[in-house]
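>>> Here is a sequence with its predicted model. Questions after.
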Amino acid sequence: MSTHEIAATTHHEVGTKKLFMWVWFWLLALTGIEVLLAYLRLEPHAMLILLVGLSLIKSALIVAYFMHMRFEKIGLFLVIVPSLVFCLIMILIFVFPDSVRIVNMQTIHM
Amino acid sequence: MDAVAGPAWGGGVAPFTANTKKLGMWLFLLSDSLTFSTAILAYAYVRLASSSWPRPFEIYPAIANATFLTIILLSSSLTMVFAVAAAHRDEVRKAVVYIILTAIGGAAFVILHLGEWFRLFAEGVTPWSNQFTVNGQPGDPLFGGTFFGLTGLHMLHVSIGVIYLCIMAYGFGRRKFNADHVEVSGLYWHFVDLVWMFIFPMVYLMSVNLNVKS
């Protein structure tokens, strides 16, 4: 690689150190809440919904701030995120009905 | 090459004002997230279908260890953010130190997680067998298969990430790579962190050994 190729694209500073520390703090706090939920002996379905919800919030924080998606052009977001959501919905469409069948056929042990 | 000053589509040089390396990594992460999504969904499906799924993880040491692993990964993500910021400010030494700290976090994660694996091996759980009993019945052998499959796939990503970061620290320190390369490696590292945010609750917290009514 020649020296003229190593120059980075010009970059505007995104986010402050304080902002990223806050995001990190909230991610740790949400992790703490998740562990607390596990300790509280919640009913499995309620716990599953709460844990998945908290995980989605945590992943959104990571994508938005740590991965800088919040500071990118909306076009990049529109290329990446909706297609992922669409694919996941397509997978779930086939998995969910069969999951319901299993729940109705067997004793759930979660 | 001025990527950010041009129009939103810069003739293939800077689509969406992101450099092509960054867009390429985003597209890879999109496909990789589908790999992990299907693996996690398969795990959930198999678990739901089983009537003898074990709950082997005690609050201490397993959950405490997994929580510590989560803290390590989140903290390594923070140091990676600082590494990217320092790289873009052209503070080479600072960026290299932060990248190395991130790699150390990743290596610590792999070592501690392997310790967890060996604990399970000692208790008779392997990818093809499961010695845990559920209500006096043999536990589902698929527990080992799905647990080691999911966490192993993630650990492979972390291990590759540590190697990637070491190469990046060396290359950026020697000025062979630029700040964009560091940023792209950061995207990969944060993704590894993101995946763990789903594996930790789904695999560990949903299998805490408490006497939960089912």
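Happy to help now that I have it.
>>> Quote the end-to-end distance of stretch B:115-133.
Terminal residues of stretch B:115-133 are spaced 22 Å apart (C-alpha to C-alpha, to the nearest Å).
>>> what comes into contact with it?
B:54, B:56, B:61-62, B:65-66, B:138-145, B:147-149, B:151 (C-beta atoms under 8 Å, 6 or more residues apart in numbering or on different chains). Just so you know, the C-beta spots here come from the backbone N, C-alpha and C atoms, and that holds for glycine as well.
>>> Stretch B:95-112 too?
Applying C-beta under 8 Å, 6+ apart, the external contacts of stretch B:95-112 come out as B:65, B:68-69, B:72-73, B:75-77, B:79-80, B:82-84, B:86-87, B:155, B:158-159, B:161-162, B:165-166, B:168-169, B:172-173, B:179, B:182, B:185, B:189, B:192.
>>> Packing partners of the helix or strand that contains residue B:158?
Assigned by DSSP states H and E, residue B:158 falls within helix B:142-173. Helices and strands touching helix B:142-173, by 3 or more C-beta pairs under 8 Å, 6 or more residues apart in numbering or on different chains; DSSP states H and E, are helix B:20-49, helix B:92-122, helix B:179-199.
>>> Could you list the buried residues of the longest one?
What it means is helix B:92-122. B:95-103, B:105-110, B:113, B:116-117, B:120 (16 or more other C-beta atoms under 10 Å in any protein chain shown).
>>> The very next helix or strand once past it - which strands sit beside it in the sheet, and in what orientation?
Going down the chain from helix B:92-122, the next helix or strand is strand B:133-134, by DSSP H and E. Strand B:133-134 pairs in its sheet with strand B:137-138 (antiparallel), by DSSP bridges.
>>> Tell me how far the partner strand lies from the chain's centre.
Put simply, strand B:137-138 sits 32 Å off its chain's centre (C-alpha atoms, centre = their mean, to the nearest Å).
>>> likewise stretch B:184-200?
That offset, for stretch B:184-200, works out to 5 Å (C-alpha atoms, centre = their mean).
>>> Is it in proximity to chain A?
Yes - if you take C-beta under 8 Å from any C-beta of the partner chain as the test, stretch B:184-200 does meet chain A, through B:186-187, B:190-191, B:193-194, B:197-198, B:200.
>>> Any chance of the helices and strands packed on helix B:142-173 in CSV with distance to residue A:103 and mean pLDDT as columns?
Below are the helices and strands packed on helix B:142-173 laid out as CSV (distance: least, C-beta to C-beta, whole Å; pLDDT from 0 to 100):
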stretch, distance to residue A:103, mean pLDDT
helix B:20-49, 7, 92
helix B:92-122, 28, 96
helix B:179-199, 22, 97
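>>> Which of the ones you listed sits closest to residue A:68?
The closest of the helices and strands packed on helix B:142-173 to residue A:68 is helix B:179-199. By C-beta to C-beta, the value is 7.9 Å.
>>> How many neighbouring residues does residue 88 have?
Since you didn't name a chain, this refers to chain A. 15 (other C-beta atoms under 10 Å in any protein chain shown).
>>> think we crossed wires, I meant chain B
For residue B:88, the tally of surrounding residues (other C-beta under 10 Å) stands at 21.
>>> wouldn't it be in contact with residue B:179 here?
Yes - the criterion here is C-beta atoms under 8 Å, and residue B:88 meets it with residue B:179 at 4.6 Å.
>>> low-confidence ranges in chain A?
Counting by pLDDT under 70, chain A shows low-confidence ranges at A:1-13, A:106-110.
>>> Which among the contacts of stretch B:115-133 count as buried?
Buried members of those, counted by 16+ other C-beta under 10 Å: B:54, B:56, B:62, B:65-66, B:139-145, B:147-148, B:151.
>>> Could you single out the nearest of those residues to residue A:49?
Proximity of those to residue A:49 (C-beta to C-beta) peaks at residue B:66, which lies at 20.6 Å.
>>> SS state for that closest one?
The three-state label given to residue B:66 by DSSP: H, G, I helix; E, B strand; the rest coil is helix.
>>> ok, the closest residue to it other than its chain neighbours - how many residues close by?
Using C-beta to C-beta, 6 or more residues apart in numbering or on different chains and skipping the chain neighbours, the partner closest in space to residue B:66 is residue B:204 (4.4 Å). Neighbouring residues of residue B:204 were enumerated by other C-beta under 10 Å; the total is 23.
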